[in-house]
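Novice: give the three-dimensional model of this entry:
(chains A and B)
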Amino acid sequence: MTRQRTLELSLLLVAGIVTVTGYGLASLGERSSLPANIVPFLVVVLLLLALGHLAIRRLAPTADGTLFPLAALLNGIGYVFIARLDSDLAGLQAVWTMVGIVAFATTLIIVRDVRDLARYRYIMALVGVVLLLTPLLPGIGRTINGARLWVRLAGFTIQPGEFAKIALAIFFAGYLVEKRELLALGSWRVGPLLLPDPRHFGPLLAAWATSLLIMVQAKDLGSSLLFFALFLVMLWISTGRTSYLLTGGLLFCGGAVAGWRLFDHVQQRVSTWLDPWQDVTGAGYQLAQSTFALAAGGLTGTGPGVGNPGRIPAAETDFIFSVVGEELGLMGATAILAAYMLIVGAGLRIALHSHDGVETLLAAGLTTIVGVQSFLIIGGILRLVPLTGITLPFMSYGGSSLLANYVLLALLLRISARDPIVVEQASSTAESTA
Amino acid sequence: MNRQISRLGVVLIAAYLLAFVQLNRIQLVDADDYRSNTANTRDIVMSFTEPRGSIRTADGELIAETVATRDDLERLRIYPHGELYAHLTGYLSLDYGADGLERQYNDELSGGDLDIRIQNLSDLFIDRDRTGQLHLTIRHDVQLVARAALGDRRGAVVAIEPSTGAVLSMWSWPTYDPNLLSSHDLAAARTERIRLLADPANPLRSSAYRERFAPGSTFKVVTAAAALADGTVTLDAPVYAVTDSYLAPQTTRPITNFGGSSCGGDLGDLLRVSCNTGFAEMGIQVGANGLISAAEAFGFNSEPAIDLPDPTASVIPEAGFFADNLPLLAQSAIGQFEVAATPLQMAMVAAAIANDGTLMQPRVVEQVTSFDGTPLRVLQARVDSRPISFAIAQQLQDLMADVVTNGTARSLQITGVEVAAKTGTAEIDGTDGTHAWIIAFAPVHDPQVAVAVLVEGDDTTGQQTGGSVAGPIARSVIEAVLHVPTSTGTPAPAD
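Specialist: As a prediction, this is how the structure comes out:
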C-alpha cells in the first residue's frame, strides 16, 4: 500500500518538474525571458498534484500508483504547449485542470465501489444516450467545425459525448456481465460458425444504429467509431465470442462504406487521408501543416517556444500531438506515445487483477476508451487512419474532455484499490517478513 | 475474459508501435522531403518579417532588397526592376512562401545559415545585421539586352560563360512582377497569384530552366558528338547521299528536309545546311545507346546542377523504347519527337563544346557577403562533367563556326568576332507553327559566352526559322557580352 503511494509521489514530482521546466523553457524560447508567474505557477502545479495525491492516499490508499502521475504528466505537457500557443486558452485550461482534479477527488469520495454504479445501469444507458444525442437538439446544440458535438448551456460550451462514453461503459459493464451467458450461448449454426441466437444480436444492432446516427447526424466519425469500438470490445471480452467481433466489424465496415458513398464529408475525409497533397491549400491543409510541423521537429525538436506550430489549424485541441512533435521532436512525441502505452498497460493490468466481473469489464472498457481515442487522433495525425476530430485525452485543450478523463481515471483507480495487484502484495509481504 | 483482455492489450500496444514507426518515418526518414516540399512555407514565412539581405547583379545593380514599412509586418521585400529578374530572384510571399533565389538561398539571405550568423565569436554578443547579401553572376546590361531582343515574343534566352559556368543572363517571357506577389496587400497578392496561375502561358514558371521544348536541329550537335565519339563518322566520311527524303527502317513515312530541299555530303555539309535526311540516317547508324549516352553526358535525363530551385530535367527516352521504334530514333536524332530540352540545357551543350569538352556547373550566385561586403562564401566554379573529348570539341567548334560563316546561322556574323552556332526549327505537334532555336558561342577560340535562344511558336507565329528569328536575338546578346557595337548581320537563309 505505501509502496504504491511512495512510487506515486516520486513520479508526481517528476511530472511536476517536467511541467514547470517546460513552462519556463517555452517562455525562454519564445520571449527570451522567464514567465513572470513562474513561481505562482510552480506553487499551483505542486498544490494540484498534492491535492490529487492526498485524495488517493486518503480515499483509495491501495490504488495503482502510476496512473495519476501519467495523467498529470500529459496534462502538464499539454498545458505547457497550450500556454505557448494561446495565453487566453491557457487560463481557461488551468481552471479546467483544477476543476478536473477536484472532480477526480469528488469521484473517489462518491464512488466507493463501482458495482454500485453498475446497479444503475439502465439509468446510465439513458444518461449516455441522452448525452450523446443532446447536441442534435435544436436550440442548445452547436455545430463547430462542421461537427455537431457541442451543447451551449448557461454560457458554457459542453461536449456531452465525452461524458456519455463513461456512462455507456458503466452500462455495458453491468448489462454484459448480467447477460453474458445468454449472449455467449451458441445456438445458431451458419456454415462453420456457431452464432448466438439472432435475437441476442439486438443490442449489437442497437449500438450499431446509434453509432451510425452519430456519424450521419452529428457528422462525427471519431465519436461514432470510438463508441462502437467500445461496445464491441466489451461485448467480445465478456462473451469471449470472436463472432461478435467479426460481425460487428463487418457491420461497421458496411456502415462506413455506405457513409462514404452517401456523404460528402466522409468522402472528403477519406480522400484527404489517402492523399492530403492533392489539395494542400484546401482539404489537405491541416494534415500537410501538421506533417510539416513534425518534419520540422526532426529527432530532437526545435525546442519549446521556438517552433512555428501556430500554423496548424486546431493546434491546441486535435493537433496538440503535432505541436509536441515539432518542438520536442521525435523524442518528445515518443515519450507521449509511451505514456499512453503505459496508461493502457496499467489499465488492463487493473482489469486482469480484478476479481469481480463488472469491475474487470469496466476497467477494460475505460482503458479501451483512453487507448482507442488516443490512437484514433494520433493515428489520424500520422495518417495511419482517417483523421477524426476527437481530443487527445489529458493533453488537448477542452474542459469537457479534461473533466471526463479525470472522472474516468478516478473510476479506474477505484477499481484498482479494491483488488490491489497481487504481485505487489506478495513483495510487500515478503518485505515485511524479512 | 482474461484472455480477451490480454489480446486487447497486444492489439493496442501493436497499434502504438505502429504509430511509433510512422512517427519515425515522418520525423526522420522522410523529413527532408517534407521540409523541401514546395507547399511547405514554414521557413519562408518565419523569415518574412525579419531583416533580409539584398540581391545584386555582377555589375552592382540592386535587384531585391528589404525596406522598412510602417505597417505591422515592419519590412517589405521590393524588386526595383520588377519583372526583369522575376524568374531569378523569385518572390517572397507571406501566403505562398518563396521561389527562385529567395527560396534557394533563404538561409543565407535571412541569416539563418550558421556560418553567416557566427562570423566570429564576438558577433554573438552584439546586435547587428547578420543577413547575407547575394551577388549574382548575372550582368544587368546583358539582361536588359536579352529582354529587349526577345521583345513580346514568348521564349527564353540563356547566356553562360563557358569556362566558369557563370550564368550571364537568363530571361524568359512571359513573366510576372514579384512586387505584386510579395506585397503586404495580401488580398491583392492573392488575386495576382490566381490570375498568374490561370494564365495558360504559365508566367510563374521560367521557360528558361523549368519548361522543355523539342530542341529541333540544335540537337544535331549532340547526334554529331555521338557519331564522332563512336567512329560512325569522321570529318570526311561517310558521305551521305544527296536526297530529299530518308526512309528509316520499320516505317513507310519518310523524313524530309526543311522546305522539301535535297541535301547530303560529309558531316560538315550536313551540319551547315542542317540536313535532316543525313542526320536521321546517322542516328540510326549510331543506335539508341550511343545517342542516349551522348545526350545524357551533356546532362539530359537529370536535373541540371544549377543553384535555382526545382530545375527541370531535359529528356530523351530509354534505349528499350527505341528498340522497336527505329523511326522514332531517327526523329530523335534530329531533335524531334520525344526529345525535349530546356533552353538552359541547350546553353549547357553549347558551353561544353565551347569549353573544349568540359561542362561547368551552371550557377547564378557568385558570392555571399556580409552587410559590409566581406565575402562569406564564394561559390567556386565547378566542373560538372566531360561530355566530349577535347578533339571532338575542337571538331565541333570548327563545324559550328562554318555554320555561321557559310550555313544557316549567317545572321550571327559579327565583324571582328568569330562566332559558332547551330540553328533549330522544331515542329510542334498539333500546330503549323515552329519553335525557333539557336545555340551559339563566341569568340570561337576564346569563348566568353555560350548562348541558347528559344522563340516559342504556335499557330499565329507560322514557320519561324532559328536562323532568322532566334539568330538576331543571340547576336544582340553576344554583342552585349563582348561589348561589341551593335550591328546587323547578313539576312538568314532558310533553316
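Novice: which helix or which strand is home to the residue nearest to A:I166 when sequence neighbours are not counted?
Specialist: Residue nearest to A:I166 in three dimensions, not counting chain neighbours: A:L408, with 5.5 Å by CB to CB, 6 or more residues apart in numbering or on different chains. C-beta here means a position set from N, CA and C on the backbone, and glycine is covered the same way. Using DSSP states H and E, A:L408 sits in helix A:399-418.
Novice: same question for B:G53.
Specialist: Per DSSP H and E, B:G53 falls between elements, in no helix or strand.
Novice: that one contacts B:G111, doesn't it?
Specialist: Yes: judged on CB atoms under 8 Å, B:G53 makes contact with B:G111 at a distance of 7.4 Å.
Novice: ok, those two, which is more surrounded?
Specialist: B:G53 (24 against 20; other CB atoms under 10 Å in any protein chain shown).
Novice: now the residue nearest to B:Q331 when sequence neighbours are not counted: how far from B:R212?
Specialist: Spatial nearest neighbour of B:Q331, excluding adjacent residues (CB to CB, 6+ apart): B:F337 at 3.8 Å. Distance, B:F337 to B:R212, using CB to CB, to the nearest Å: 13 Å.
Novice: so between the two, which is more surrounded?
Specialist: B:F337 (19 against 16).
Novice: please report phi then psi for that one.
Specialist: The phi/psi pair for B:F337 (degrees, to the nearest 10) reads phi 60, psi -130.
Novice: list the contacts for the closest residue in space to B:W171 that isn't next to it in sequence?
Specialist: In space, B:W171 comes closest to B:A146 once its chain neighbours are excluded; the distance is 4.1 Å by CB to CB, 6+ apart. Applying CB atoms under 8 Å, 6 or more residues apart in numbering or on different chains, we find B:A146 in contact with B:157, B:159, B:169, B:171, B:473, B:476-477, B:480.
Novice: quick one: which of these sit in helices?
Specialist: Applying DSSP state H to those, the entries found in helices are B:473, B:476-477, B:480.
Novice: most neighbours of all those, which one?
Specialist: Within the ones in helices among the contacts of B:A146, most neighbours by other CB under 10 Å means B:V477, with 28 neighbours.
Novice: which residues does the residue of chain A found nearest chain B contact?
Specialist: Nearest to chain B, among the residues of chain A, is A:A295, at 3.5 Å (CB to the nearest CB). For A:A295, the contact set (CB under 8 Å, 6+ apart) comprises B:26-27, B:30-35, B:40.
Novice: so among those residues, where is pLDDT lowest?
Specialist: Taking the contacts of A:A295 together, the minimum pLDDT is found at B:N40 (80).
Novice: spit out the contact partners of that residue.
Specialist: With CB under 8 Å, 6+ apart, B:N40 has these contacts: A:288, A:292, A:295, B:34, B:97.
Novice: what's the first helix or strand after whichever strand or helix holds B:A19?
Specialist: Taking DSSP H and E as the criterion, B:A19 maps to helix B:2-24. Downstream of helix B:2-24, the first helix or strand assigned by DSSP H and E is helix B:31-35.
Novice: just the CA atoms of the next helix or strand after that following helix, as PDB, please.
Specialist: From helix B:31-35 onward toward the C-terminus, using DSSP H and E, the following helix or strand is helix B:42-46. Output of helix B:42-46 as PDB, limited to C-alpha atoms (Å, rounded to 0.1, in the frame of the first residue of the first chain):
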ATOM      1  CA  ARG B  42       7.300  27.500 -42.800                       C
ATOM      2  CA  ASP B  43      10.900  28.700 -43.100                       C
ATOM      3  CA  ILE B  44      10.000  31.400 -45.600                       C
ATOM      4  CA  VAL B  45       7.100  32.700 -43.500                       C
ATOM      5  CA  MET B  46       9.200  32.700 -40.300                       C
END
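Novice: after helix B:42-46, next one along is what?
Specialist: Downstream of helix B:42-46, the first helix or strand assigned by DSSP H and E is strand B:55-56.
Novice: list the pairing partners of that following strand within its sheet, with orientation.
Specialist: Looking at strand B:55-56 with DSSP bridges, its partner strands are strand B:62-68 (antiparallel), strand B:133-136 (parallel).
Novice: which SSE is immediately downstream of the shortest one?
Specialist: By that I understand strand B:133-136. As assigned by DSSP H and E, the chain's next helix or strand after strand B:133-136 is helix B:140-150.
Novice: ok, of the ones in helices among the contacts of B:A146, which one's closest to B:P447?
Specialist: Among the ones in helices among the contacts of B:A146, B:V477 lies closest to B:P447 (CB to CB), at 13.7 Å.
Novice: helix, strand, or coil at A:R148?
Specialist: Recorded secondary structure, A:R148: strand (DSSP: H, G, I helix; E, B strand; the rest coil).
Novice: pLDDT value on it, please?
Specialist: At A:R148, the model reports a pLDDT of 71.
Novice: re the thing from before, the residue nearest to A:I166 touches A:A164, doesn't it?
Specialist: No: in this structure, A:L408 is not within contact of A:A164 by CB under 8 Å, at 12.0 Å.
Novice: more crowded one of the two?
Specialist: Neighbours per residue (other CB under 10 Å) separate A:L408 from A:A164, with A:L408 holding more: 26 against 23.
Novice: backbone dihedrals for the residue nearest to B:V273 when sequence neighbours are not counted, both of them.
Specialist: Of all residues not flanking B:V273 in the chain, B:C263 sits nearest, at 5.1 Å (CB to CB, 6+ apart). The phi/psi pair for B:C263 (degrees, to the nearest 10) reads phi -160, psi 170.
Novice: where in the chain is pLDDT low?
Specialist: No chain specified, so I'll use chain A. A:1, A:145-147, A:154-155, A:186-201, A:203-204, A:215, A:419-434 (pLDDT under 70).
Novice: could you do chain B instead?
Specialist: B:46-47, B:72, B:112-129, B:487-495.
Novice: closest point of it to chain A, which residue?
Specialist: The nearest approach of chain B to chain A comes at B:Y34, 3.5 Å away (CB to the nearest CB).
Novice: surely that residue meets A:A293?
Specialist: No: the criterion here is CB under 8 Å, and B:Y34 misses it with A:A293 at 9.4 Å.
Novice: quick one, which of those two is more surrounded?
Specialist: For B:Y34 versus A:A293, neighbours defined as other CB under 10 Å are more numerous around A:A293 (31 against 19).
Novice: which residues touch the residue nearest to that one when sequence neighbours are not counted?
Specialist: Spatially, and ignoring its direct neighbours in sequence, A:A293 is nearest to A:E326 (4.0 Å; CB to CB, 6+ apart). For A:E326, the contacting residues are A:293-294, A:296-297, A:301-302, A:307-309, by CB under 8 Å, 6+ apart.
Novice: any chance of those residues in a markdown table, plus distance to B:E281 and secondary structure?
Specialist: As requested, the contacts of A:E326 are exported to a markdown table (distance: CB to CB, whole Å; DSSP: H, G, I helix; E, B strand; the rest coil):
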| residue | distance to B:E281 | secondary structure |
| --- | --- | --- |
| A:A293 | 59 | helix |
| A:L294 | 57 | helix |
| A:A296 | 57 | helix |
| A:G297 | 60 | helix |
| A:G301 | 63 | coil |
| A:T302 | 62 | coil |
| A:G307 | 63 | coil |
| A:N308 | 61 | coil |
| A:P309 | 64 | helix |
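Novice: can I get these in JSON lines including distance to A:T242?
Specialist: As requested, the contacts of A:E326 are arranged in JSON lines below (distance: CB to CB, whole Å):
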{"residue": "A:A293", "distance to A:T242": "40"}
{"residue": "A:L294", "distance to A:T242": "36"}
{"residue": "A:A296", "distance to A:T242": "44"}
{"residue": "A:G297", "distance to A:T242": "40"}
{"residue": "A:G301", "distance to A:T242": "42"}
{"residue": "A:T302", "distance to A:T242": "46"}
{"residue": "A:G307", "distance to A:T242": "45"}
{"residue": "A:N308", "distance to A:T242": "47"}
{"residue": "A:P309", "distance to A:T242": "42"}
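Novice: contacts for the helix or strand where A:V127 lies?
Specialist: Per DSSP H and E, A:V127 falls inside helix A:121-133. Contacts to helix A:121-133, defined as CB under 8 Å, 6+ apart, come from residues A:117-118, A:160-161, A:163-165, A:167-168, A:170-171, A:173-175, A:178, A:210, A:213-214, A:223, A:227.
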